[in-house]
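Peer 1: Need a 3D model of the sequence below.
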Amino acid sequence: MKTIRRLIYGEIFSATGFVLLAFLSLFFFFDFVEELGSLGVVSRLNPEITYEMRHAMLYVALLMPSRIYELLPISVLIGSVAVLARLAQSSEYTILRTSGLGPWKALRTLLGLGVIFVFLTFAIGDYVSPLADKTAQLLKARYQGRISLGQTGAWLKERQALSNFSVNVGSLSPQGELGEVRIFEFDKQGRLLSTTQAEKGQIQKNASWTLESVVRREFHTVGQQAPGIVTSQHKTYPWPSSISPEMVSVALLKPDRMRTTDLYAYVQHLEANGQTAQRYEIEFWRKVFYPLSCLVMVVLALPFAYFHFRSGGITGYVFGGVMIGISFFLLNNVFGYIGNLNQWRPWLAAASPAIIYSFVSLGAFGWLVLRR
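Peer 2: As a prediction, this is how the structure comes out:
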């Protein structure tokens, strides 16, 4: 059995690696072509620095771990289908069956291989990909200026003992310096108490922000008089806050490229401050269930070992496997959006595609392998 396991594992690992390399080459080319338009841009932080070809290649290379995380399950499916179909076509799988590889042993063997891919996908998606993606964004910011946090900036909310705050950060420098900071203070009844606008700021280690070039406006009511506005300017202004640099840097990464622990902490922060966390909860559960899709992929591939192939007929079955994989990932994205719009339970929206395809693959295994 060890010999059979080594044979199947080695073949599928080689085929999966080849498919993954082909996908990565394609995406590297597309990403690099997209970066060509940024070549020659002069840094706003240092006019002597320009964004060159080597910087673009390094930036695109740092995006590849995220591509590996996205493409590994479908590469596992294509590689497994190709190997099992080839073994069936050459009658090698028939020999393995006569040597004691029954359907349930074959299923356990492939599930063991799937577990290896599950851990590999989790490690890349939770450790390598977030670090590489953040490094890529900071690299680009170093040569092109600050990191823009979208058209409206990054919005955060914090509750304190006497007031509620809404914070908007427009940009973030590679050194962690905040740009275009706006802070809106409200009382417990939702009335605006003050606004603070700063050109830049820095988050200190003692749970406070140090803002520079600050314009502060305070709104107050004296008796029954009309509201009054007191405007003041400060060269530096300290603002006590529990918002950490990690929370601000969340805006650097897409939710699906964040670490699972960071996503969970951010969901807790949103819920503690009365903000909707549905989108991030769905992404959290998708991060949990996504590596498990490798198990679904290997079970989907197993029935291909029991088809009877004619000469040259393997290509159509491999193409069918590719289409099954693509449909799985399309459904995975669609269920995320539908779940967010319809306020489904986050874990159900994230797990539904894997559950559906698990039943389909096990049904195909039971009908094609056991009954036939």
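
Peer 1: By residue count, what's the longest helix in the chain?
Peer 2: The longest helix of the chain (DSSP state H) is helix 53-89.

Peer 1: Just the buried positions in that helix, please.
Peer 2: 55-56, 59-60, 62-89 (16 or more other Cβ atoms under 10 Å). Yep, even glycine has a C-beta here, placed from its N, CA and C like the rest.

Peer 1: continuing past it, what's the next helix or strand?
Peer 2: Proceeding C-terminally, helix 53-89 gives way to helix 92-98 as the next helix or strand, assigned by DSSP states H and E.

Peer 1: Can you check what angle separates whatever helix or strand comes next after that following helix from helix 53-89?
Peer 2: Proceeding N to C from helix 92-98, the next assigned helix or strand is helix 103-123, under DSSP H and E. Taking axes from the mean of the first three to the mean of the last three Cα atoms, to 10 degrees, one finds helix 103-123 and helix 53-89 inclined to each other by 180 degrees.

Peer 1: now the strands for this structure?
Peer 2: Along the chain, counting by DSSP state E, strands occupy 147-148, 154-159, 164-172, 178-186, 192-203, 208-220, 228-240.

Peer 1: Which strands or helices does the third one pack on?
Peer 2: Contacts of strand 164-172 with other secondary structure elements, assessed using 3 or more Cβ pairs under 8 Å, 6 or more residues apart in numbering; DSSP states H and E, are made with strand 147-148, strand 154-159, strand 178-186, helix 245-249.

Peer 1: how big is the angle separating it from strand 154-159?
Peer 2: For strand 164-172 against strand 154-159, the angle by the same axes, to 10 degrees is 150 degrees.

Peer 1: got the buried residues for strand 164-172?
Peer 2: Buried positions in strand 164-172, judged by neighbour count with 16+ other Cβ under 10 Å: 164-172.

Peer 1: cool, and stretch 331-347?
Peer 2: Along stretch 331-347, these residues count as buried under the neighbour rule (16+ other Cβ under 10 Å): 331-332, 335-336, 339-340, 344, 346-347.

Peer 1: hmm, who's touching it?
Peer 2: 278-279, 281-286, 290, 293, 348-350, 352-354, 356-357 (Cβ atoms under 8 Å, 6 or more residues apart in numbering).

Peer 1: pull the CA atoms of it into PDB?
Peer 2: Once non-C-alpha atoms are left out, stretch 331-347 reads as follows in PDB (Å, rounded to 0.1, in the frame of the first residue of the first chain):
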ATOM      1  CA  LEU A 331     -20.400  29.600  -7.000                       C
ATOM      2  CA  ASN A 332     -18.100  30.300  -4.000                       C
ATOM      3  CA  ASN A 333     -17.900  34.000  -4.900                       C
ATOM      4  CA  VAL A 334     -21.600  34.300  -5.800                       C
ATOM      5  CA  PHE A 335     -22.700  32.800  -2.400                       C
ATOM      6  CA  GLY A 336     -20.500  35.300  -0.600                       C
ATOM      7  CA  TYR A 337     -22.300  38.200  -2.300                       C
ATOM      8  CA  ILE A 338     -25.700  36.700  -2.000                       C
ATOM      9  CA  GLY A 339     -25.100  35.900   1.700                       C
ATOM     10  CA  ASN A 340     -24.000  39.500   2.300                       C
ATOM     11  CA  LEU A 341     -27.000  41.000   0.600                       C
ATOM     12  CA  ASN A 342     -29.600  38.600   2.200                       C
ATOM     13  CA  GLN A 343     -28.000  38.600   5.700                       C
ATOM     14  CA  TRP A 344     -27.400  34.900   5.700                       C
ATOM     15  CA  ARG A 345     -25.500  33.300   8.500                       C
ATOM     16  CA  PRO A 346     -21.800  34.000   7.600                       C
ATOM     17  CA  TRP A 347     -20.700  30.400   8.100                       C
END
